[in-house]
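Asks: I would like to see how this sequence folds:
(one chain, ligands or ions: 1)
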Amino acid sequence: MLIIANWKMNPLDIKNALRLLNFYKKLKYKDLWVAPPYVYLPILIKRFKNFTFGAQNIHYEKSGAYTGEISAYMIKKIGCKFVIINHSERRKMGETLEIANLKIKQALKNNLISVVCFGEQKKIDDLKKLKNIWNREFNILFKDIKNFKKIILAYEPSWAISTQKMGPVPKEIVKDFLEWIKNKINSQIKILYGGSVFPENIENYLDLNINGFLIGSQSLKPKNFKIIINKIKNVV
Ligand code: PGA
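Replies: This next block holds a predicted model:
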């Protein structure tokens, strides 16, 4: 199973970033990808050759007058293999599905894997309504994209992530999602679950037909992360 650790805006310095990676190394988990803040990427990529690294964001253009932005081309050049796109925390900062679509295209142009976050923003119990929302989101996000070989979809509705209050997502909804996506895309696509996993709930999701997990807060807590990894190891 693929595990992607999304560090978000953490840890606060390179010393702690190195410490966390050294800890990950000891877990000896083969399929662990890491998305640290940009500033740590060059150092971590150089020092930890056995890990796959990616960025948490890119701009949709290759270069130009975009103060503060970083392009797909740049992160590819330093050795990144993937980028996270359409994360709900970016959507809360004003990023639209249309922008995410341009970013996916830019990532594809640069031969990067797009880890595309996907899911409704509010908790909805009516499956018909939910499917309408998924369809709309899918159609905008993947407009003009025909090849899904370089795309990984992370199902993580905004209402369920970065919090224990609303989440985790009931297993039935994840199953409905998996069923819906299978009918939507004919080709094989990797699906991750991301909203949210903890040592206490990871077992609920281990028997689902998914390819792995996108883990935020718990990837920064060595003790909890180790428990999660060990539980995953037991089933793969
Ligand atoms: P969380 O974040 O595990 O902290 O909820 C998931 C994510 O990074 O998307």
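
Asks: Looking at this structure, which residue is nearest the ligand?
Replies: Of all residues in the chain, the one sitting closest to the ligand is residue 216 (2.3 Å; CB to the nearest ligand atom). In this view, the C-beta of every residue, glycine as well, is placed from N, C-alpha and C.

Asks: what residues are up against that residue?
Replies: For residue 216, the contact set (CB atoms under 8 Å, 6 or more residues apart in numbering) comprises 6, 8, 161-162, 194, 196.

Asks: what do you get if the cut-off is 10 Å, keeping everything else the same?
Replies: Contacts of residue 216 were listed using CB atoms under 10 Å, 6 or more residues apart in numbering, and they are 4-8, 10, 35, 87, 89, 156, 161-162, 194-197.

Asks: Need the pLDDT of the nearest residue to residue 207 once chain neighbours are set aside.
Replies: Nearest residue to residue 207, sequence neighbours excluded (CB to CB, 6 or more residues apart in numbering): residue 235, at 7.7 Å. Here the pLDDT value assigned to residue 235 is 86.

Asks: how far away is the residue of the chain positioned farthest from its centre from residue 78?
Replies: Largest separation from the mean C-alpha position in the chain: residue 65, at 27.7 Å (CA atoms, centre = their mean). Using CB to CB, to the nearest Å, residue 65 is found at 22 Å from residue 78.

Asks: before we move on, the earlier item: and the contacts of residue 216, which are buried?
Replies: 4-8, 35, 87, 89, 156, 161-162, 194-197 (16 or more other CB atoms under 10 Å).

Asks: Now intersect those residues with the strands, please.
Replies: 4-6, 35 (DSSP state E).

Asks: Keep the residues you listed, but drop any that are not near the ligand.
Replies: residue 6 (CB under 6 Å from any ligand atom).

Asks: want to try TSV for the ones in strands among the buried ones among the contacts of residue 216, with pLDDT as columns?
Replies: Below are those laid out as TSV (pLDDT from 0 to 100):
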residue	pLDDT
4	98
5	98
6	98
35	98
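
Asks: mind giving me TSV with the ones in strands among the buried ones among the contacts of residue 216 and columns for distance to residue 47?
Replies: Putting those into TSV (distance: CB to CB, whole Å) gives the following:
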residue	distance to residue 47
4	19
5	16
6	20
35	16
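
Asks: of all the ones in strands among the buried ones among the contacts of residue 216, which comes closest to residue 23?
Replies: Within those, proximity to residue 23 (CB to CB) peaks at residue 5, which comes in at 11.0 Å.

Asks: That closest one against residue 220, yeah?
Replies: Yes. The criterion here is CB atoms under 10 Å, and residue 5 meets it with residue 220 at 8.1 Å.

Asks: residues shared between the contacts of the two?
Replies: residue 20.

Asks: Could you list the residues of the chain in contact with the ligand?
Replies: Where the chain comes near the ligand, counting by CB under 6 Å from any ligand atom, the residues are 6, 87, 156, 161-162, 194-196, 214-218.

Asks: Farthest pair within those?
Replies: Greatest spatial distance in the residues of the chain next to the ligand: 87 and 218, 16.1 Å, computed using CB to CB.

Asks: hang on, the earlier thing: give me the pLDDT value at the residue farthest from the centre of the chain.
Replies: Predicted confidence (pLDDT) for residue 65: 98.

Asks: hang on, it is in a strand, isn't it?
Replies: No. Using DSSP: H, G, I helix; E, B strand; the rest coil, the assignment for residue 65 is coil, not a strand.

Asks: what's it sitting at in phi/psi?
Replies: phi -80, psi 80 (degrees, to the nearest 10).

Asks: Could you list which residues are in contact with it?
Replies: Applying CB under 10 Å, 6+ apart, no residues contact residue 65.
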